[in-house]
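>>> Sequence and predicted structure, then a few things I'm wondering about:
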Amino acid sequence: MEKLENLLSTAIKEAFVAVFETGIDEKQIQLQKTRKEFEGDVTLVVFPFLRVTKKGPEQSGEAIGEHLKSNSDLVIGYNVVKGFLNLEINSIYWSGFLNEIAEIENFGFEAVNSKDRVMVEYSSPNTNKPLHLGHLRNNFLGNSVARILKANGHEVVKVQIINDRGIHICKSMVAWQKYGNGETPISTGLKGDKLVGNYYVKFDQVYKEQIAALVAEGKTEEEAKKQAPLIIEAQEMLLKWESGDEAINELWRTMNSWVYKGFESTYATMGVDFDKLYYESDTYLIGKDKVQEHMDTDSFYEKEDGSIWINLEADKLDNKLLLRSDGTSVYITQDIGTAIIREEEFACKNYYYVVGNEQDYHFNVLALILQKMGFNWAKGIEHLSYGMVDLPSGKMKSREGTVVDADDLMLEMKTTAKEISEELGKLEDMESVEKETLFWSIGLGALKYFILKVDPKKRMLFDPKESVDFNGNTGPFIQYTYARVKSILRKSNFKGGALDFSNAAVDVEDVNVIKKLYDFPEVINESAALKSPAIIANYTYELVKVFNHFYQNTPPIMKEENEAIRNLRLTICAKTAQVISNGMYLLGIDVPERM
RNA sequence: GGCCCCGUAGUUCAAUUGAAUAGAAUAUCAGAUUUCGGCUCUGACGGUUACAGGUUUGAAUCCUGUCGGGGUCACCA
């Protein structure tokens, strides 16, 4: 079936020729949904055409409306308010549309791999501490964006780069070596990432004490920071690691393996995964090579001390260090190398980096450097910059102990889901294993939805009290609606499929839901274009609200005797359930059959 | 200080990227149901879109300035 917008556009163009004897530019046609306080379904904004019609907005609207009404089967009525022509659409269009999508399994999704291959990088943690609330936003966004792009027809490669080397990793290692007494995840019963994280904290404590002691001896703060024995040990360890010292490398492998095991479990709980992992320890040398290979690049230069720089002043950016005077690489060098390897391996059209907005500058520089090095594909690099997550108490600060741990938070959400569900007591006959799965999907549903419904670009506030609310614009509210719809479908024994309800008298309540369903494909397009799961989240909530209204104000469907109407309404239920399910899938949220 | 982002009901978020009387949720108050899951539905209350100018038929949205908040300017990542 042809899209309503296209059919109307054609009819409107014809109307202008017939009424005003003039052609119009299709791009000028602005169709929008009619606001609910006015009669009609679709509204044409007539302001842009006044120059052509040489009449006032009301008069122009009237003339076009009248012509459409008498010449198009689609338009059965119209009214003009100021410069807005509100058109009433024949309900046959809507029931026909419903009939057409009845049997489409993934309505709204484009054919698999019908569009360019793209890469989404997300998570990319350091291996010296556990994942926290900020990582949750990152992972939920990355995973959801990957699903949305895939639904939109792209082939998607999900990757992360694990920052597994460097001075910060050595800090945990030194602290463990000195104060760890041989502790392991097994001996302590701690998750590996938590154990290693504790030593990262330990390092910082001792380091601070040493600084304080040195300052007390009369050193300046700056001197003390450089001379504290612990930091010197960490730096020496890094040098040993880089030179391949076997004992240090062994320790490094061991401690990282603890962390990976911990991360694996956190990712499993989050419900995210990756197609390929990159490790900084593998790629950091490649970046160095690539920089040296491209030394002839315009605006690369070497200082007297041997350090390598790029001058980006012509592009209103700074001078940026690429290689240290000792020849080692810095953060951006590593990213240059990784980007080049990825292009060689996957040749994607776009490379999306889900990274916080504190790195906006870094990614501007990265894309620019790669372009200067002559890589045309670097134009496809896009930083999916998201805002930071604040707590009611302010910013998360590890030093002040206000960091919200990812595992703890997810568990807390699940526990709350359990308490609320058990209080309602509708699950007595459910197996306990099944209940566990359910509580996780409700708890995580609440959390993911809470985070994803906010525009990624914006900074957001995470209030734990509000996030466990299950009413209003929340994940569990949507899940609950889904469970109710499924309950109707089960009880009415509805099989679905193509049913003839062309003779059914379609009610406004029916049409309102169908119109909302109609929007789904466009919503996916838009969210894919903007890389914004929030658009899916808000749409799904609107659909649920429209459906609940329909459900409340429609006589019991199962008791409906007119078969055509019954089939129509059950089809509405079935498609609503499916779109809710698919929408929530795009957010990484499961929907339960019962709850 | 230079550069970048952001200021919308008490609070948390929307607003099809320039259109109609700026919408939801929450909180507070008032209601609905012989009904398929009351974790439902309907109302009321709540706004000078930080402020001041400008562009436009039309501005929360674009431009300029002011104030306020955040980020970033490392031979850290």
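Yes, it's here. Residues are numbered from 1 along each chain as shown, chains lettered A, B, ... in the order given.
>>> Enumerate every residue touching residue A:367.
Residue A:367 makes contact with A:378-379, A:381, A:383, according to C-beta atoms under 8 Å, 6 or more residues apart in numbering. All C-beta spots, glycine's among them, are computed from the backbone N, C-alpha and C.
>>> can you pull the buried residues of the helix or strand harbouring it?
In the assignment (DSSP states H and E), residue A:367 maps to helix A:360-372. Buried positions in helix A:360-372, judged by neighbour count with 16 or more other C-beta atoms under 10 Å: A:362-370, A:372.
>>> got the phi/psi numbers for the residue of the stretch 351-500 of chain A found nearest RNA strand B?
Closest contact between the stretch 351-500 of chain A and RNA strand B, by C-beta to the nearest atom of the strand, is at residue A:472 (2.2 Å). Dihedral pair for residue A:472: phi 80, psi -150, per degrees, to the nearest 10.
>>> burial count for it?
Number of residues near residue A:472 (other C-beta atoms under 10 Å) recorded here: 9.
>>> related to what we said a few turns ago, now list the buried members of the contacts of residue A:367.
Buried members of the contacts of residue A:367, scored by 16+ other C-beta under 10 Å, are A:378, A:381, A:383.
>>> Filter the residues you listed down to the ones in strands?
A:381, A:383 (DSSP state E).
>>> Would you mind listing what in the stretch 101-250 of chain A touches RNA strand B?
Residues of the stretch 101-250 of chain A found near RNA strand B (C-beta under 7 Å from any atom of the strand) are A:126, A:163, A:166-168.
>>> one step back: and the helix holding residue A:367, how far out from the chain middle?
23 Å (C-alpha atoms, centre = their mean, to the nearest Å).
>>> what mean pLDDT does the helix or strand in which residue A:63 is found have?
Here residue A:63, judged by DSSP H and E, is contained in helix A:57-71. The average pLDDT for helix A:57-71 rounds to 93.
>>> Stretch A:76-89 too?
So the average pLDDT for stretch A:76-89 ends up being 92.
>>> for the helix or strand encompassing residue A:85, packing partners?
Under the criterion of DSSP H and E, residue A:85 resides in strand A:84-89. When contacts are defined as 3 or more C-beta pairs under 8 Å, 6 or more residues apart in numbering; DSSP states H and E, strand A:84-89 packs onto strand A:42-45, helix A:57-71, strand A:75-81.
>>> Direction included, what does the shortest one pair against?
Each strand that strand A:42-45 pairs with, and the sense of that pairing, follows from DSSP bridges: strand A:31-33 (antiparallel), strand A:84-89 (antiparallel).
>>> Dump these into TSV; add mean neighbour count as well.
Shown next, in TSV, are the strands paired with strand A:42-45 (neighbours: other C-beta atoms under 10 Å):
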stretch	mean neighbour count
strand A:31-33	12
strand A:84-89	22
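>>> CSV please, covering the ones you listed and showing distance to RNA strand B.
As requested, those are arranged in CSV below (distance: least, C-beta to the nearest atom of the strand, whole Å):
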stretch, distance to RNA strand B
strand A:31-33, 4
strand A:84-89, 4
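>>> Residue A:565 and residue A:550: what is the separation?
Distance of residue A:565 to residue A:550, given as C-beta to C-beta, to the nearest Å: 13 Å.
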